[in-house]
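> what's the 3D shape of this:
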Amino acid sequence: MSFLVLILVATVGIVSAPAPKITTETVVASWYGPHLWDNKMAFGEILGSHQPTYTVAHKDLPEGSIVLLRNPANGRFIIGTVRDRGPYVEGRTFDIIERGAEALGIIEEGTPSLEATF
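Next comes the predicted model:
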């Protein structure tokens, strides 16, 4: 019996997944709001105020990726989920749903520099 436990413990130790790569970058972000509600997003969901999380759009990150966006000007942050594609404006990295922009305090600024960790 103890031999079997030793084999199981040794096997579990060998079969471990590598840690995911985490990147932090300074990015330019924009936000989108009610004028786009009820439109279908890239992965099939309908955009709207009913979103259960802070929705963010990115050109390349996989659907469901988690992103921490922090406004260095005021220290506010959100944890968003990639649920759409974009932005399609040169020089911007993320589009954020209006509710997320409000939480970050960037509604007035429009396209701030943020710290993104993903």
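
> same for the helix or strand containing Ala116, what does it pack against?
Per DSSP states H and E, Ala116 falls inside strand 113-117. For strand 113-117, the packing partners by 3 or more C-beta pairs under 8 Å, 6 or more residues apart in numbering; DSSP states H and E come out as strand 24-32, strand 66-70. To be clear about C-beta, it is placed using only N, CA and C from the backbone, and glycine gets the same treatment.

> between those strands, which one is nearest to Glu45?
Taking C-beta to C-beta, strand 24-32 is the member of the helices and strands packed on strand 113-117 nearest to Glu45, at 14.1 Å.

> Kindly spell out which helices and strands sit in contact with the helix or strand following that closest one.
Later in the chain than strand 24-32, the nearest helix or strand by DSSP H and E is strand 54-57. Using 3+ C-beta pairs under 8 Å, 6+ apart, the elements in contact with strand 54-57 are strand 77-84, strand 94-97, helix 98-104.

> Run through who's touching strand 54-57.
Contact with strand 54-57 is made by 32, 41-42, 47, 67, 69, 78-87, 94-97, 99-100, 103, as judged by C-beta atoms under 8 Å, 6 or more residues apart in numbering.

> Now that we have the residues you listed, which of them are buried?
Among the contacts of strand 54-57, those classed as buried by 16 or more other C-beta atoms under 10 Å are 32, 41, 47, 67, 69, 78, 80-87, 94-97, 99-100, 103.

> Next one: Ala17 from Ile66, what distance?
17 Å (C-beta to C-beta, to the nearest Å).

> Which one of those two is surrounded by more residues?
The neighbour comparison of Ala17 against Ile66 (other C-beta atoms under 10 Å) goes to Ile66, with 13 against 5.
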